[in-house]
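Novice: With the sequence up front, the predicted model follows.
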Amino acid sequence: MAKITIDGKTIEVADGTTILQAARMIGPDVAPPTMCYYSKLKTSGGYCRTCLVEVSKGSEKDPRPMPKLVASCRTTVMDGMEVKNNSSEKVTDARKGVVEFLLLNHPLDCPVCDQAGECHLQDLSYEHGSAKTRTDFERRNFEKINIGNYIQLHMNRCILCYRCVKVADQITDGRVHGVINRGDHAEISTYIENAIENDFSGNVIDVCPVGALTDKTFRFKSRVWFTKPENAHRDCPTCSGKVVVWKKGDDILRVTGRKDQWGEVEEFICNTCRFETKKTSDWTIEGPSPINNHSVISANHYEVFEKPQELTINQIRPLAIDQNND
Amino acid sequence: MGKKLLLANDHIPGIQSYDVYRSNGGYLSVEKALKTLKPEDIVEEVKKSGLRGRGGAGFPTGMKWSFLAKPEGVPRYLVCNADESEPGTFKDRYLMSRIPHLLVEGMITSSYALGANTSYIYIRGEYYYVAQILEKAIAEAYQNGWLGQNILGTGYNLDLHVQVGGGAYICGEETALLESLEGKRGNPRIKPPFPAIAGLYGCPTVVNNVETIAAVVPIVNDGGDSYAAIGIGKSTGTKLISASGHIKKPGVYEIEMGITVEEFIYSEAYCGGILNNKKLKAVVAGGSSVPILPADKILTTPAGEKRLMSYESLSEGGFASGTMLGSGGFIVMDEDTSIVENLYTFTRFYHHESCGQCSPCREGTAWMEKLLHKILDGHGTLADVDLLWEIQSKIEGNTICPLGDAAAWPVASAIRHFRSEFESFVSNGNAKHPIN
Amino acid sequence: MEKKEIKFSNEALGLVQKMKSRYPEGKQKSALLPILHLAQAEFDGWLSPEVMDYVAQLLGIQSIEVFEVASFYSMYNLKPVGKCLLEVCRTSSCWLRGANEIVAHLENKLGIKEGETTPDGLFTLKTVECLGSCGTAPMLMCGAQFHENLTTSKVDDMLAKLKAENTRKTYLDKVEVNQY
């Protein structure tokens, strides 16, 4: 066991726990934001650098602070370790930089993006970014690609978190998409416009933190905040059949996995449940879904995991839209 | 001229071939090691020698070797990093193409010390012709019983292979190199675990630079103490310096550490002075990543003493007034050089070479290149110079691997020491710049 | 255009076997980079999707894995190139010693811009980053051959020679060792 203190709050955790996991156990107040880490996907994390924290005391044995900020998702705790997250100016500063880097090539097209309202980049920018952009260079521009009948890839919005690649590697067989090119030319792509045909391929949509991979069966049907999420289940031969159905009136507009308070799906669901089971009669409704209070859609009338932050309608508006003219 | 350990036989005609190499004392270290020394004795000698990694980081080699995990029944690997790609550095290419057997010999002796039975030399793809030279040398070593099964009848087995890369600076970072050796994209791994615990194919691995491996040969032949007697302080032995830019005699020089920077630049034995007898303006002393220093600061330490070619002396003064020995890529610039334009070539380089895994490096390197381009085009503003400073500070220390720092430091040092040039660029467009 | 069958010669297949034998059992993907070099040299200097499929098949891996790797490294051409790919270094040391003039001279002589191929398909001009030949700057690489200490007249001689030879240069070519 190891005792670790994060922003003044102490918890005892099993050896091998990461700083991020420990922070999540303490609670949302001290948990660093994440864009690429996903607890259900092996080797995820380390890329986006939003979860950087300051280790002000290495351990009881070796109390020296770590010289650089570390990615909390990939650094394991030591007994006696002391970590500063929100209480560190260095962290706040670095994180602000990371947000700026992530937004540098992001199109900020929230008004036409299906992810708006449940976008982790929106949340991150709102909480850790600046209101203004400092670049007037042209942003990267890619054509939209349909990967199969159900999924659309809008590469302009991608932040290269690698989650979708890990989903393909770890829960589907025969990965046909991946990261090609390098540096800021890197992109998610299929091999020569191959379709992703696989029972579980739709999960790439759920793990995508932004609107780069979206559900074509839901495209432009409604803003998420006008839909009502309800937990539902059915007998499914392929997956657990435990889902969230997003309804407008009595119509099911889309089906997703159930997400926990960190925005991660609890169980991956199959494509049949997600894309082809949209009749209300197909599902047994359990009741309203709790919604991550982190997300801006929590400003609406949903059941939440915890007390929502106070948000006004102005804050729900996508950020920095006025910068979107270039 | 100082003592030479690696290039002592460089002048001998035919030294590239096995017979000439062997008749000039080649492979003696293998005989000595396999027949008279235990692996741990060699590690001890390397520790005593004070040898530090010659690829750029300068980490003590003996210590790196002693970290290697040795679990039962798991193979261990030695991988030679011949991915020399740091701008300004070409010493390994010189060494490998001139005296390929020195590297092969060093690989055998070092592999024995580490208990590796399969070793690889990972060489950058652009050095394909050098890989062919190495392969010929390796074939000769097999023919003469220095590689293969039961070497010298000692029961020690070793296979040595050359692997060519595909063109990526980042593969000089040791974990990216291992990824590439496994046939993947050269994305650096997130550490820990370090290669000493889980490296190639998840097995304990040591990755060493070409020059480091070559230096093991004289260390085993003459003893660690004898190696440590050369040089100054913790900068022991000799160092290959790649000298380029505005000098009369560019090339690779083996120096005893501790000679003065001034001697190195101006002596006939080395660079021979500045091209066309112009004035010295600036030096990048250890490859493109290390801070650029103006003439006065590279020649003299903050304490007013002559700066020496050593790890410690070059870094005296920290980044405020010092730099680093790095890979020994010594780039000299004369009085007419535009620091901003030179920086642009570095920044373009790092942008081109960023692997794109982590956001600060992927986005930041591209942004800095665009800003510098804007400044060089005459459209920059003072705010752009400040922004450039700000971007590099947000990259430094926040990335997965050292490429982020390597991209940030040249920008920071150029602005720190030559800010007026940036200012004159943004106010006058493409003006010629007077010497600082 | 008639489609050529994508298949290595027996000699090349022998090399592939040799390359694969360098790695422990089950780790044959390690041979991907060397095999891609071989494939590029065998199949007209570039890696078409068909060639990448073929390499994937040889190693028993997915085509996307080949594509990910081929597109990461700068030496693999994913589009056709001329018989002589001229890769001119222009990073610091080469820039200091006149790389820009060499590029300008080449553009002028060949009548093409950086990134383009001459209409006869003989030359493609590419600017690249540091090739580790800083002490003999400026320089360019064509196939495996380094052309160093370039001047405009040396470039002219080189172009004339390459034109006369009119053969595809590859990284695998045997070259004369440079004298320093």
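Specialist: That came in fine, so what should we check first? Numbers count the residues shown, from 1 in each chain, chains lettered A, B, ... in the order given.
Novice: what's the pLDDT at residue 110?
Specialist: Defaulting to chain A. Listed pLDDT for A:C110 reads 90.
Novice: I was thinking of chain C, sorry if that wasn't clear
Specialist: 98.
Novice: Hmm, C:P119 and it touching each other?
Specialist: No: applying CB atoms under 8 Å as the test, C:L110 and C:P119 come out as separate, 10.1 Å apart. Backbone N, C-alpha and C define where each C-beta goes, glycine included.
Novice: More neighbours: the two, which one.
Specialist: Applying other CB atoms under 10 Å in any protein chain shown to C:L110 and C:P119 shows that C:L110 carries more neighbours, namely 18 against 9.
Novice: which residues sit in contact with that one?
Specialist: Neighbour list for C:L110: C:118, C:123, C:125, C:159 [criterion: CB atoms under 8 Å, 6 or more residues apart in numbering or on different chains].
Novice: Looking at those, spot the one nearest A:S88.
Specialist: Nearest to A:S88 among these, counting by CB to CB, is C:L125 at 50.1 Å.
Novice: Burial check on the closest one, number of neighbours?
Specialist: Residues contacting C:L125 under the criterion other CB under 10 Å number 24.
Novice: show me the residues around it that make contact.
Specialist: Taking CB under 8 Å, 6+ apart, one finds C:86, C:88, C:103, C:106-107, C:110, C:112-117 in contact with C:L125.
Novice: go on, C:S30?
Specialist: B:163, B:181-183, C:22-23.
Novice: Near B:D225, how many other residues are there?
Specialist: Using other CB under 10 Å, B:D225 is surrounded by 12 other residues.
Novice: what pairs with A:K247 across the strands?
Specialist: Note on A:K247: beta-bridge partners by DSSP bridges are A:K228, A:I252.
Novice: thought it was touching A:E230?
Specialist: Yes: using CB under 8 Å, A:K247 is in contact with A:E230, at 6.2 Å.
Novice: any idea how far the closest residue in space to C:V81 that isn't next to it in sequence lies from chain A?
Specialist: Spatial nearest neighbour of C:V81, chain neighbours left out: C:T124 (4.3 Å); criterion: CB to CB, 6 or more residues apart in numbering or on different chains. For C:T124, the distance to chain A (CB to the nearest CB, to the nearest Å) stands at 19 Å.
Novice: Alpha carbons only: can I get the helix or strand encompassing C:T124 in CSV?
Specialist: C:T124 is part of strand C:123-128, with elements assigned from DSSP states H and E. Extracted C-alpha coordinates of strand C:123-128, given in CSV (Å, rounded to 0.1, in the frame of the first residue of the first chain):
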residue,chain,number,x,y,z
PHE,C,123,14.9,13.6,-61.9
THR,C,124,12.8,14.4,-58.8
LEU,C,125,14.0,17.2,-56.7
LYS,C,126,13.4,17.0,-52.9
THR,C,127,14.7,19.1,-50.1
VAL,C,128,15.5,17.1,-46.9
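Novice: Report the mean per-residue pLDDT for that strand.
Specialist: 98.
Novice: who touches residue 163 in this structure?
Specialist: Using chain A. By CB under 8 Å, 6+ apart, A:R163 lies in contact with A:36, A:38, A:41, A:44, A:204, A:207-209.
Novice: hm, I was asking about chain C
Specialist: C:L122.
Novice: same question, B:I241
Specialist: Applying CB under 8 Å, 6+ apart to B:I241 gives the contacts B:91, B:252-255, B:264, B:270, B:309, B:328, B:330.
Novice: Next up, the contacts around B:K234.
Specialist: By CB under 8 Å, 6+ apart, B:K234 lies in contact with B:50, B:52, B:311-312.
Novice: could I get these as JSON lines with neighbour count?
Specialist: Below are the contacts of B:K234 laid out as JSON lines (neighbours: other CB atoms under 10 Å in any protein chain shown):
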{"residue": "B:G50", "neighbour count": "22"}
{"residue": "B:R52", "neighbour count": "24"}
{"residue": "B:Y311", "neighbour count": "21"}
{"residue": "B:E312", "neighbour count": "16"}
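Novice: okay, those in TSV with distance to chain A next?
Specialist: Below are the contacts of B:K234 laid out as TSV (distance: CB to the nearest CB, whole Å):
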residue	distance to chain A
B:G50	24
B:R52	19
B:Y311	18
B:E312	19
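Novice: picking that back up, restricted to strands, list the contacts of C:S30.
Specialist: Counting by DSSP state E, the part of the contacts of C:S30 found in strands is B:Q163.
Novice: quick one: which of the contacts of C:L110 is nearest to chain A?
Specialist: Checking those against chain A by CB to the nearest CB gives C:L125 as the nearest, at 20.2 Å.
Novice: Bridge partners for that closest one, pull those for me.
Specialist: Beta-bridge partners recorded for C:L125 (DSSP bridges): C:L86.
Novice: Mind telling me the two of the contacts of C:S30 farthest from one another?
Specialist: Spatially, the most separated pair among those is B:E182 and C:R22, at 12.2 Å (CB to CB).
Novice: residues in contact with A:Q115?
Specialist: A:122, A:157, A:208, A:210-211, A:214.
Novice: Nearest to chain C among the residues you listed?
Specialist: So of the contacts of A:Q115, ranked by how close each gets to chain C (CB to the nearest CB), first place is A:C208, at 18.2 Å.
Novice: Can you tell me the SS state at the nearest residue to the closest one once chain neighbours are set aside?
Specialist: The shortest distance from A:C208 to any non-neighbouring residue, by CB to CB, 6+ apart, is to A:C164 (6.0 Å). Put simply, A:C164 is helix when judged by DSSP: H, G, I helix; E, B strand; the rest coil.
Novice: who are the neighbours in contact with A:C164?
Specialist: Per CB under 8 Å, 6+ apart, neighbours of A:C164: A:177, A:188, A:204, A:207-208, A:213.
Novice: Does A:T280 touch A:D251 like I think?
Specialist: Yes: A:T280 lies in contact with A:D251 (CB under 8 Å); the separation is 7.5 Å.
Novice: just to revisit the earlier point, could you dump the contacts of A:Q115 to TSV with pLDDT and secondary structure?
Specialist: Shown next, in TSV, are those (pLDDT from 0 to 100; DSSP: H, G, I helix; E, B strand; the rest coil):
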residue	pLDDT	secondary structure
A:Q122	92	helix
A:R157	96	helix
A:C208	97	coil
A:V210	96	coil
A:G211	96	coil
A:T214	95	strand
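Novice: for these, which one is nearest B:E390?
Specialist: Of the contacts of A:Q115, the one sitting nearest to B:E390 (CB to CB) turns out to be A:Q122, at 23.9 Å.
Novice: what's the neighbour count on the closest one?
Specialist: 25.
Novice: wait, isn't it in contact with A:A116?
Specialist: Yes: under the criterion of CB under 8 Å, A:Q122 makes contact with A:A116 at 6.6 Å.
Novice: Considering the contacts of B:I241, which is situated nearest to B:D41?
Specialist: B:D41 lies nearest to B:E254 out of the contacts of B:I241, by CB to CB, at 26.5 Å.
Novice: Quickly list what the closest one is bridged to.
Specialist: Assigned bridge partners for B:E254, using DSSP bridges, are B:L240.
Novice: and it, what does it touch?
Specialist: Applying CB under 8 Å, 6+ apart, the residues near B:E254 are B:2, B:4-7, B:238-241.
Novice: Now do the residue sitting furthest away from the middle of chain A against B:M368, distance only.
Specialist: Distance from the centre of chain A peaks at A:K61, with 35.8 Å (CA atoms, centre = their mean). From A:K61 across to B:M368, the span is 40 Å (CB to CB, to the nearest Å).
Novice: try A:E267
Specialist: Distance from A:E267 to B:M368, by CB to CB: 43 Å.
Novice: what's the answer for B:G62, then?
Specialist: From B:G62 to B:M368 the distance is 38 Å (CB to CB).
Novice: what's the answer for A:K96, then?
Specialist: Distance from A:K96 to B:M368, counting by CB to CB: 18 Å.
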